[in-house]
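**Q** Quick check, what structure comes out for this input:
(chains A and B, ligands or ions: 1)
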Amino acid sequence: MLLNKDGSNSKNLSTIIHDTEDFTLHNDQILPLDYWLKNKAEIKQKLNRIVIWVNSDEDLDSLKEDLPSISLIAFNFPKYGDGRAFSMAHLLRGKYEYKGHIRAIGSPIADQAQFLFRCGVDSIDIPNGQSLEIWTTESKRMSRFYQRSEQNDLIHSRY
Amino acid sequence: MYKDVFAPAAPSPVTQNVNMYKYDQFDDTFIKQRIEQFRSQVTRRLSGHITEDEFKPLRLQNGVYLQLHAYMLRVAIPYGQLNSTQMRTLAHISRKYDKGFGHFTTRQNIQYNWPTLSDIPNILDDLHKVEMHAIQTSGNCIRNTTSDPFAGVAADELVDPRPWCEIIRQWSTLHPEFAFLPRKFKIAVNGADHDRAAIAYHDIGIQIIKNDAGEIGFQLFVGGGQGRTPVIAKEIRAFLEPKYLLSYLDSILRTYNMIGRRDNMYKARIKITVNETGIKEFTRLVELEWNRIKDNGFDLPEAEKQRIFNHFTLPDFEKSEYDKVAYEQLKQDNNGFDYFVKHNVFGHKEDGYSIVSISLKPHGGIPGDISADQMDIVAQLSDDYSLSEIRATHKQNLVLPHVKTGELYQLWQKLTDANLAPANIGLLTDIIACPGLDYCNLANARSITIAQMISERFDDLKRLTDLGDLTLNISGCINACAHHHVANIGILGVDKKGVESYQVTLGGSSFKDASIGNIIGPGFSVEEIVDAIETITNTYIDQREKGENFLTCYRRVGQTPFKEALYNVA
Ligand code: SF4
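**A** Below is the predicted model of the structure:
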């Protein structure tokens, strides 16, 4: 299930591809960054929507030139404590001026929902077995924050 | 026996006229919502809906640790400033939810060692009523910003650092991007000539300076730290215009968040990042990022800055005159008072006023510990003598910042009655000790016991005065929570085949002339360590030249005479 930044939910229709050894490329797949980098031409030709996922230790620069043609980028949380995705989302919006959809996947926790949205994430793929209710409550927990952030329009901030 | 006697008689801190940051509706709601969140997390934990593992990241960001015997709650005292109402609430909490004690830490915070988990949300409610919280006192996030305990009043101060600390506090509180850093992150700000905030040992150290053109700005240092690998911070920027503080901090934190190591928790602090990347390259990356964001609205608008600054206007001090002859006479007639003035009283900006340090290092006591009754007494004394204001120091002591010099004698008498007048600030028995084996599950050895033994051996003020300025810190393991590396005499507890052993370092300093101490030789047993310390101080007395304090003497003569004396080698 997806939790969107406006608080709504939607079904997650895409499959995250981890293993590219033996698979058939089709739409509704979230492809790993290195697979995309190696097979750009084929992917561009076969798919009408380019959707990829990036691990927390991968380099955003490698995406730079193709950003306008990528419609969704998902940042993976290998562990909830690996907070690079927050900065990566911020950089993707602010530095790389990415206009497409940003998603968080992997193992984030509910208490990170608001932070993620504030850093520029549009939707979170809620890990299996976790309570949608708790995620929804936590995503609206604070009605205000002190500092400015990349996505500042969601909430009351001091400046 | 104390349980039900608490009656909050003092006015609300909002109306109390102390020059400190006061919450408005925004801050108030913010803290309330945060407590509701934590309450729901605790409920989920207690009902078994989440495991201890899942609960861990949630409790940590709210200052709750799991210690050897129980949960520990660490309460933030932003840059060490408190009013008397807040102090009374801290006393109340220790009576109602703990064992009648509190423990001031080296980060100007206070810890409670025995609260139950189900009580913690109620404690947070009590704290909220007096505008306090426990947010980000643990976890891999930006911790409480620390500063000079004499901030705003020190005679040698260039600029009051407190408004800047408050600006950093607000910016760092629930910062969406920096709550899950590779490791904890500590910032200190100093605004005086003398560095009383140990900025060289912080992840970011900020020194407020004046440039040649007479403009105020920040000199920024990065990558200092204690722990296993003590490192002195390196300069990342010689002068930063104040209006860019937050965007510059954002840039340092973002760079660290992206390139800091996450594969090994012992290599995850920014000091390692800076060492491995090199300060030049690290600076380049930070400046690159800063140039991108610096005029994009991440800095504080002038009006908001002004709003925060307005809270810190010093009061109009009443004229304070006193009979100087009588004051000198009192010192002459009373040895104890004379020592107290010599060691615990410091110069205030305002004529006729003094800054008074209250030592929480009594004979045989636990460094930083204070009873609920003593907290109430300190609160009352601050009302009576110090415009209701109190500070906590990183040396685990307290400060009454605005005392009329003519009232020092009276105050000293009252402190003496409450066992709060040890005249040992800055002396050998002003020991910093971590909780050690008594509370901490990482410890190799006891720290508190050693501190108590040393304070019992060295309890003669004449002798202590003769030994002069001397810092002695004791850590119970290599994590160095008591910063033993930067003490003139450092003691580190190690485990030697299952037996407690103590390794001694000499020559560390945390002041402007920061240095890291050197290990002097093989460790000592519990039975030997106090004798060893005495051998060290005796060697200093033998070796010193006129006017030399311990550190200067050690730096001149080096390790050899100390080694010879300690290990009987000629
Ligand atoms: S230095 Fe070691 S023993 Fe002492 S508090 Fe820190 S972790 Fe615990």
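
**Q** Every contact and neighbour count from this point should use C-alpha atoms.
**A** Will do.

**Q** So, low pLDDT: which residues of chain A?
**A** Low-confidence segments of chain A (pLDDT under 70): A:153-154.

**Q** State which helix of it is the longest.
**A** Looking across chain A with DSSP state H, the single longest helix is helix A:84-94.

**Q** Past the longest helix along chain B, which element shows up next along the chain?
**A** Looking across chain B with DSSP H, the single longest helix is helix B:25-46. Tracing the chain C-terminally past helix B:25-46 and defining elements by DSSP states H and E, one meets helix B:52-60 next.

**Q** buried sites along that next one?
**A** By neighbour count, with 16 or more other CA atoms under 10 Å in any protein chain shown as the criterion, the buried positions of helix B:52-60 are B:56-60.

**Q** same thing with stretch B:411-425?
**A** For stretch B:411-425, a neighbour-count test (16+ other CA under 10 Å) marks B:411-412, B:414-415, B:419-425 as buried.

**Q** could I get these as a markdown table with pLDDT and distance to chain A?
**A** Shown next, in a markdown table, are the buried residues of stretch B:411-425 (pLDDT from 0 to 100; distance: CA to the nearest CA, whole Å):
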| residue | pLDDT | distance to chain A |
| --- | --- | --- |
| B:L411 | 98 | 41 |
| B:W412 | 98 | 42 |
| B:K414 | 98 | 42 |
| B:L415 | 98 | 40 |
| B:N419 | 96 | 42 |
| B:L420 | 97 | 39 |
| B:A421 | 97 | 41 |
| B:P422 | 97 | 42 |
| B:A423 | 97 | 42 |
| B:N424 | 97 | 41 |
| B:I425 | 97 | 38 |
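
**Q** which of the residues you listed lies closest to the ligand?
**A** Comparing the buried residues of stretch B:411-425 against the ligand with CA to the nearest ligand atom places B:I425 closest, at 22.1 Å.

**Q** before we move on, back to that, next, give me the two most distant ones among the buried residues of stretch B:411-425.
**A** The span of the buried residues of stretch B:411-425, defined through CA to CA, is set by B:K414 and B:I425 at 17.8 Å.

**Q** chain center to the helix or strand just after the longest helix of chain A: distance?
**A** Toward the C-terminal end, the helix or strand that comes next after helix A:84-94 (DSSP H and E) is strand A:101-106. Centroid displacement of strand A:101-106 relative to its chain, using CA atoms, centre = their mean, to the nearest Å, is 2 Å.

**Q** and what of stretch B:166-177?
**A** 19 Å.

**Q** Residue 105: what's it in contact with?
**A** Using chain A. Neighbouring residues of A:I105 by CA atoms under 8 Å, 6 or more residues apart in numbering or on different chains: A:74-77, A:124-127.

**Q** wrong one, I was asking about chain B
**A** B:T105 makes contact with B:111, B:368, B:394-396, according to CA under 8 Å, 6+ apart.

**Q** which two in these are spaced the farthest apart?
**A** With CA to CA as the measure, no two of those lie farther apart than B:Q111 and B:K395, at 14.5 Å.

**Q** Looking at these two, which one has more neighbours?
**A** B:K395 (28 against 21; other CA atoms under 10 Å in any protein chain shown).

**Q** Just give the number of residues close to the closest residue to that one other than its chain neighbours.
**A** Taking CA to CA, 6 or more residues apart in numbering or on different chains, and ignoring the residues beside it in sequence, B:K395 has B:T106 as its nearest neighbour in space, at 5.7 Å. As a burial measure, B:T106 scores 21 neighbours (other CA under 10 Å).

**Q** same check, this time on the one 3 residues further on
**A** If you count neighbours by other CA under 10 Å, B:N109 ends up with 24.

**Q** looking at it, it is touching B:L82, isn't it?
**A** No: using CA atoms under 8 Å, B:N109 is not in contact with B:L82, being 10.5 Å away.

**Q** Can you pull the residues that touch both of the two?
**A** Shared contacts of B:N109 and B:L82, defined by CA under 8 Å, 6+ apart, comprise B:A392.

**Q** Does A:P108 touch A:D82 like I think?
**A** No: if you go by CA under 8 Å, A:P108 and A:D82 don't touch, sitting 9.0 Å apart.

**Q** Neighbour count: these two, which is higher?
**A** For the pair A:P108 and A:D82, the greater number of neighbours falls to A:P108 (23 against 20), based on other CA under 10 Å.

**Q** which bits of chain A sit near chain B?
**A** Proximity of chain A to chain B is assessed by CA under 8 Å from any CA of the partner chain, with A:81-84, A:86-88, A:90, A:95, A:111, A:114-116, A:118-119, A:138, A:141-149, A:158-159 identified as the residues in range.
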